[in-house]
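Q: Next comes the sequence, and after it the predicted model I'd like to discuss.
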There are 2 protein chains.
Amino acid sequence: MDITFDEGVKLTDSVINEKLTGFTNGLQTVTSYLTGSKGKGVRTALLLLSATQKNGLISSKAARAAASIEILHMATLIHDDVIDNAPLRRGVQTVHEKFGTKQAVICGDYLLCMSMNLIFELLEKDENTRYANLLRVLTKAISRICIGEYEQMLQNGNVDIDVTKYLKIIHGKTAALFYAASHFGAVFSDDTNEDIRRVSAFGRYLGVIFQVMDDCKDFMFTEEEALKPVKSDTSSGVITLPLIFAMQKNAELRNLAKQVMLNKFDSLVLAKEVIEIGGVTDAKALALRYKNKAARTIADISNTQKKDALLSVLNDIEI
Amino acid sequence: MDITFDEGVKLTDSVINEKLTGFTNGLQTVTSYLTGSKGKGVRTALLLLSATQKNGLISSKAARAAASIEILHMATLIHDDVIDNAPLRRGVQTVHEKFGTKQAVICGDYLLCMSMNLIFELLEKDENTRYANLLRVLTKAISRICIGEYEQMLQNGNVDIDVTKYLKIIHGKTAALFYAASHFGAVFSDDTNEDIRRVSAFGRYLGVIFQVMDDCKDFMFTEEEALKPVKSDTSSGVITLPLIFAMQKNAELRNLAKQVMLNKFDSLVLAKEVIEIGGVTDAKALALRYKNKAARTIADISNTQKKDALLSVLNDIEI
């Protein structure tokens, strides 16, 4: 069945709600809690727009795929919050904080499994071999996320981390899922294989931009603006792009960053230094280069309606 | 390709090793460690024997499916050890203890994903629609394991837990994976659908027996015999069958159990009481009833060689 974008967003939401609340076992208390803390749905929007067909409509299957991606995203956030011991996410208590570590580990596993299950159900109902690749893409995305998170952990506190390493980490922890989202969308549309490849690459670039800008916000925003604790990346040992660029310009910042990690120097003061020295500006410049790459990648796709929609997502990101 | 049982065990082992060590990223340190702490392979044996064909041989695909089940099992153990904060598993340090909680959470996710990936690769290479059900069975098993673990956590410390609730928990946390193993085996053999159903049910019963006897060992064995900490279930609030039966006979044991949880009473003395009052004997009697059920379930399968092999697994369990 073909539906509009708005109907797709609603359907995605109702599939997520159904998966999070439509069962009765102990876990329901935890999963129901999650329905109250959904994100802005950027992955859903990317997937649904990537699914735009020549007739301007979207297959309802794309909405089920979007629900799978969002649920997988929730699973990774829940496990991330366990790993980072984070109290807040999007302004509300994390699962780990509200229910406990054990609950968060199990709930994440359960959601991971539900995410796979949704895709599997799509495959089962449909013989289109184009879809057979979806599970491979999904498991690949999950393994990349795991590897990205692991690398981030290995690099924790390393003030000598370089831009290449940083990009490798965010390609895993963020861009892999954006790639999967746009790939899924394109597969559920009438795109050629070449266009699927282009739209998927667009998603990956968008993911990089998204993460770089998120890391910039940590230096620029107040807690109220960001809806989460800010000036916290460095204190928790996560060295992100603005600081990496700033340290390249002034090696002395390495020592300040170390002091921040030891709680011996104010992270707010470091943030100001990073901004003043141009770390955020440099990070934004990199994001801008990715923005241009992303736009070029889809310049020649045959579905111009899809191209315009994706470009407007890209242009909506304030850099 | 058809292979013997022994070749199947070797192939399973080499597929597991390949999946745990055949890549280069940070996670390899953790996954390589796991190759040194493999279990007795009871799930592999069950799967491969369930895969016995009329010609007495086994499809090599069954070995890949067995690797998937073992890797899934490892993933659940790693997350279990995070949840239970357990220092030892099979006599060696747990991942959580050796590498840390963060590492264990990510590594479990990664293995979960690899387990799915192995099954997916089998499906992809083969058009046999009989296999299409495998991913459903696998995701169902994972969700049952999560629910079982969660219920166990909800019941932690509850001395009023009854036999029904206990059985429900172990059906999830243990029997679901045994069911998947025997089901996978049967699907990769030349069994009829009816025989697949019977062999799968056998696996589930075997899983129940396996868990009940494991819980009995916690009361009966020394640490050297069990290769893991014993007399620890009750202290950590996990109320298992021998104690449940014992408390039914003597309500006073409820208080002793509570004292054990508070570290105010010796778990060794409680274990002796449980054995003396007949808790272990009653638990074994229940295991015996499941043993009879299991034998009856496969009494009429057409492959007598498979029947004999499965019955010998059943009879090898000392009750």
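A: Received, thanks. Numbering: from 1, shown residues only, chains lettered A, B, ... in the order given.

Q: from here on, contacts and neighbour counts on C-alpha atoms
A: Will do.

Q: Apart from its chain neighbours, what residue comes closest to A:Val280?
A: A:Pro242 (4.7 Å; C-alpha to C-alpha, 6 or more residues apart in numbering or on different chains).

Q: was I right about A:Phe178 contacting A:Gly203?
A: Yes: counting by C-alpha atoms under 8 Å, A:Phe178 does reach A:Gly203; the two are 5.1 Å apart.

Q: tell me, what's touching those two both at once?
A: A:Leu46 (C-alpha atoms under 8 Å, 6 or more residues apart in numbering or on different chains).

Q: circling back: how far away is the residue nearest to A:Val280 from chain B?
A: For A:Pro242, the distance to chain B equals 24 Å [C-alpha to the nearest C-alpha, to the nearest Å].

Q: Would you confirm that that residue contacts A:Lys217?
A: No: between A:Pro242 and A:Lys217 there is no contact under C-alpha under 8 Å: 9.8 Å.

Q: So for these two, which residue has more residues nearby?
A: Legend: neighbour count by other C-alpha atoms under 10 Å in any protein chain shown for A:Pro242 and A:Lys217, higher for A:Pro242 (27 against 18).

Q: Around chain B, pick out the residues from chain A.
A: With C-alpha under 8 Å from any C-alpha of the partner chain as the criterion, chain A meets chain B at residues A:25-27, A:79, A:82-83, A:101-103, A:105-107, A:109-110, A:113-114, A:116-117, A:120, A:124, A:132, A:135-136, A:139, A:142-143, A:146-147, A:149-151, A:154.

Q: For PyMOL, write the select line for the buried members of those.
A: In PyMOL, a selection of the buried entries from these looks like this (16 or more other C-alpha atoms under 10 Å in any protein chain shown):
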select buried, chain A and resi 26+27+79+82+83+101+102+103+105+106+107+109+110+113+114+116+117+120+124+132+135+136+139+142+143+146+147+149+150+151
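
Q: Now, the residues of chain A next to chain B that are in helices?
A: A:79, A:82-83, A:101-103, A:105-107, A:109-110, A:113-114, A:116-117, A:120, A:124, A:135-136, A:139, A:142-143, A:146-147, A:149-151, A:154 (DSSP state H).

Q: And the residue of the stretch 101-250 of chain A that's closest to chain B?
A: Closest residue of the stretch 101-250 of chain A to chain B, C-alpha to the nearest C-alpha: A:Lys102 (4.8 Å).

Q: so that residue makes contact with B:Ile83?
A: Yes: A:Lys102 lies in contact with B:Ile83 (C-alpha under 8 Å); the separation is 4.8 Å.

Q: So A:Ala75 versus A:Val212, what's the distance?
A: Here A:Ala75 is placed at a distance of 22 Å from A:Val212 (C-alpha to C-alpha, to the nearest Å).

Q: Repeat that for A:Lys61.
A: Distance from A:Lys61 to A:Val212, by C-alpha to C-alpha: 31 Å.

Q: is it true that A:Asp218 touches A:Ser235?
A: No: counting by C-alpha under 8 Å, no contact exists between A:Asp218 and A:Ser235, whose distance comes to 11.2 Å.

Q: related to what we said a few turns ago, report the contact partners of the residue nearest to A:Val280.
A: So, once contact is read as C-alpha under 8 Å, 6+ apart, A:Pro242 ends up touching A:Asp215, A:Cys216, A:Phe219, A:Val274, A:Ile275, A:Gly278, A:Gly279, A:Val280, A:Thr281, A:Asp282, A:Ala283.

Q: want to throw those residues into JSON lines with pLDDT and secondary structure?
A: Formatted as JSON lines, the contacts of A:Pro242 follow (pLDDT from 0 to 100; DSSP: H, G, I helix; E, B strand; the rest coil):
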{"residue": "A:Asp215", "pLDDT": "95", "secondary structure": "helix"}
{"residue": "A:Cys216", "pLDDT": "95", "secondary structure": "helix"}
{"residue": "A:Phe219", "pLDDT": "91", "secondary structure": "helix"}
{"residue": "A:Val274", "pLDDT": "95", "secondary structure": "helix"}
{"residue": "A:Ile275", "pLDDT": "95", "secondary structure": "helix"}
{"residue": "A:Gly278", "pLDDT": "96", "secondary structure": "coil"}
{"residue": "A:Gly279", "pLDDT": "97", "secondary structure": "helix"}
{"residue": "A:Val280", "pLDDT": "96", "secondary structure": "helix"}
{"residue": "A:Thr281", "pLDDT": "97", "secondary structure": "helix"}
{"residue": "A:Asp282", "pLDDT": "98", "secondary structure": "helix"}
{"residue": "A:Ala283", "pLDDT": "98", "secondary structure": "helix"}
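
Q: where do the strands sit along chain A?
A: According to DSSP state E, chain A carries its strands in the segments A:2-3, A:58-59, A:88-89, A:92-93.

Q: Who are the packing partners of the first one?
A: It stands for strand A:2-3. strand A:58-59 (3 or more C-alpha pairs under 8 Å, 6 or more residues apart in numbering or on different chains; DSSP states H and E).

Q: from the chain's centre, how far out does the strand it packs on sit?
A: 23 Å (C-alpha atoms, centre = their mean, to the nearest Å).

Q: sorry, back to before: of the strands of chain A, which approaches B:Glu18 most closely?
A: Among those, the nearest to B:Glu18 by C-alpha to C-alpha is strand A:88-89 (37.5 Å).

Q: pLDDT averaged over the closest one - what is it?
A: Strand A:88-89 carries an average pLDDT of 78.

Q: who does that strand pair up with?
A: strand A:92-93 (antiparallel) (DSSP bridges).

Q: starting at the chain centroid, how far to stretch A:174-192?
A: On C-alpha atoms, centre = their mean, the centre of stretch A:174-192 falls 13 Å from the chain's centre.

Q: in it, what's buried?
A: Residues A:174-191 are the ones in stretch A:174-192 that count as buried (16+ other C-alpha under 10 Å).

Q: same question, stretch A:88-103
A: Applying 16+ other C-alpha under 10 Å to stretch A:88-103 flags A:Leu88, A:Arg89, A:Thr94, A:Val95, A:His96, A:Glu97, A:Thr101, A:Lys102, A:Gln103 as buried.

Q: Same check on stretch A:42-54?
A: Neighbour-count burial for stretch A:42-54 [16+ other C-alpha under 10 Å]: A:Arg43, A:Thr44, A:Ala45, A:Leu46, A:Leu47, A:Leu48, A:Leu49, A:Ser50, A:Ala51, A:Thr52, A:Gln53.

Q: quick one: which of those sit in helices?
A: A:Arg43, A:Thr44, A:Ala45, A:Leu46, A:Leu47, A:Leu48, A:Leu49, A:Ser50.

Q: separation between the first one and chain B?
A: Distance from A:Arg43 to chain B, counting by C-alpha to the nearest C-alpha: 21 Å.
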